[in-house]
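Asker: below are the sequence and a predicted model; questions follow.
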Amino acid sequence: MNQEFKASLKSADTEEHIDIYFYRPIGYQWARFFRMLHVTPNVVTILSIFLGVGAGICFYFDDLAINILGIFLLIWANVYDSCDGQLARLTNQKSALGRILDGAAGDFWFVSIYFAISFRLMPEWGWKIWALCIVAGFGCHAIQSRLADYYRQIHLFFLKGKEGSELDDASKQVDLWKQMKWKKEPVQKLFQFFYKNYTLGQERDTPIFQIFKRNLRERYPQQLPEQLRADFRAGSLPLMKYANILTFNWRSITLFISILIGFPWLYPAIEITVFSLIFFYMRGTHERLCLKLNQKVLKGEYGV
């Protein structure tokens with residue numbers, strides 16, 4: 001890998017093999033192209049939203065050719081989702097709005113996909129398919145991907161520090177939302193509304209980590225001890241493979257297979273069962289890691 005390509009990546013710890021060998025190389029070439037045209041990362045994110053929603057519409061049709069087009073569009077959307085972050089890192093155009101838009105893009109894609117599956121199967125399933133997709137989408141997918149993203153950002157924080165992570169505090173996001181005015185910046189305030197709820201959900205689902213984080217700020221306001229960072233990384237690194245499963249790649253593979261074999265309902269069913277089991281294991285293990293390290297911090301094993 002050349003140095004510029006390496007600079008466009010987050011970290012080898014949190015990058016998945018599919019990303020490193022497929023999405024990131026293609027995204028990097030698109031990032032170079034958009035940089036030449038002076039296109040901003042946020043514009044690329046918006047383009048990915050249109051592509052992803054278009055993919056969802058294609059999955060409504062019980063037609064293999066249209067479904068394959070939808071698969072192509074969703075892959076293209078994720079290439080752009082990779083590209084926008086790489087472009088931001090290459091051009092130093094990181095922004096809070098970009099972080100919010102990036103997270104919202106995937107929500108737009110999958111909401112359209114759940115709607116498409118529901119409308120497609122409604123003649124056969126009736127209201128039951130809506131119930132299945134609502135539970136899968138709002139009760140499982142949204143929570144799982146939200147926490148997987150949080151754990152990756154936490155890992156990057158311990159690995160690279162504040163500058164190498166996009167770890168946000170919910171209280172600051174709530175304050176930002178309150179400061180914004182509907183009349184002056186309605187679109188940004190709307191996105192901020194959803195993002196503050198996103199971060200509130202992340203913190204609500206990780207009570208032990210929140211206690212650990214508060215204790216770290218009180219005891220080590222300037223810099224974390226190197227041994228503490230190393231111990232956290234050692235415990236967190238094995239969980240990154242589960243966090244990656246709960247983000248785009250493995251979800252999309254599951255979706256593509258279910259669409260291609262003609263059983264779209266399999267995708268939300270696997271969301272509720274298999275992915276939920278992975279989610280609960282990941283969360284339980286992460287919380288136990290934080291509890292263990294927090295006890296060491298309170299005992300002064302890492303110094304004061």
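Answerer: Here it is on my side, so go on. In this text the structure is predicted, and so the values were computed from the model without any measurement. Numbers count the residues shown, from 1 in each chain.
Asker: these two touch, right, residue 302 and residue 296?
Answerer: Yes - assessed by Cβ atoms under 8 Å, residue 302 is found in contact with residue 296 at 6.4 Å. Glycine gets a C-beta too; all of them are placed from N, C-alpha and C.
Asker: quick check: neighbours shared by the two?
Answerer: residue 228 (Cβ atoms under 8 Å, 6 or more residues apart in numbering).
Asker: so between these two, which is more surrounded?
Answerer: Here residue 302 and residue 296 are compared on neighbour count by other Cβ atoms under 10 Å; more neighbours surround residue 302, at 18 against 13.
Asker: contacting residues for the more buried one?
Answerer: Residues near residue 302 by Cβ under 8 Å, 6+ apart: 225, 227, 228, 296.
Asker: show the buried residues in the residues you listed.
Answerer: Neighbour counting by 16 or more other Cβ atoms under 10 Å classes 225, 228 among the contacts of residue 302 as buried.
Asker: moving C-terminal from the strand or helix carrying residue 268, which element do we reach first?
Answerer: Residue 268 belongs to helix 266-270 when elements are defined using DSSP states H and E. Counting by DSSP H and E, the next helix or strand C-terminal to helix 266-270 is helix 276-298.
Asker: what mean pLDDT does the helix holding residue 268 get?
Answerer: Averaged over helix 266-270, pLDDT sits at 97.
Asker: equivalent analysis for stretch 293-304, please.
Answerer: The predicted model assigns stretch 293-304 a mean pLDDT of 89.
Asker: which positions within it qualify as buried?
Answerer: By neighbour count on 16+ other Cβ under 10 Å, the buried set for stretch 293-304 is 293, 294, 297, 302.
Asker: please report how far the first one lies from residue 151.
Answerer: Using Cβ to Cβ, to the nearest Å, we find residue 293 at a distance of 15 Å from residue 151.
Asker: the second one now?
Answerer: As defined by Cβ to Cβ, residue 294 lies at a distance of 16 Å from residue 151.
Asker: before we move on, what about the third one?
Answerer: Counting by Cβ to Cβ, the separation of residue 297 from residue 151 is 19 Å.
Asker: low-confidence bits of this protein, can you list those?
Answerer: By pLDDT under 70, the weakly predicted segments of the chain are 1, 7-8, 10, 164, 304.
Asker: what helix or strand is the most centrally placed residue in the chain on?
Answerer: A centroid search over the chain (Cα atoms, centre = their mean) returns residue 149, at 4.2 Å, as the residue closest to the centre. Using DSSP H and E, residue 149 sits in helix 142-160.
Asker: check what contacts the helix or strand just after that helix and list those residues.
Answerer: Next helix or strand after helix 142-160 toward the C-terminus (DSSP H and E): helix 170-179. Taking contacts as Cβ under 8 Å, 6+ apart, the residues outside helix 170-179 that touch it are 96, 189, 192, 193, 195, 196, 199, 200, 202, 203.
Asker: so the residue nearest to the fourth one when sequence neighbours are not counted versus residue 125, what's the distance?
Answerer: The spatially closest residue to residue 193, leaving aside those adjacent along the chain, is residue 177, at 6.0 Å (Cβ to Cβ, 6 or more residues apart in numbering). Separation of residue 177 from residue 125 (Cβ to Cβ) stands at 38 Å.
Asker: again with residue 108
Answerer: Residue 108 sits 24 Å away from residue 125, going by Cβ to Cβ.
Asker: next one: residue 271
Answerer: Counting by Cβ to Cβ, the gap from residue 271 to residue 125 is 16 Å.
Asker: tally up the residues packed near the residue nearest to residue 193, please.
Answerer: The local packing of residue 177 (other Cβ under 10 Å) involves 18 other residues.
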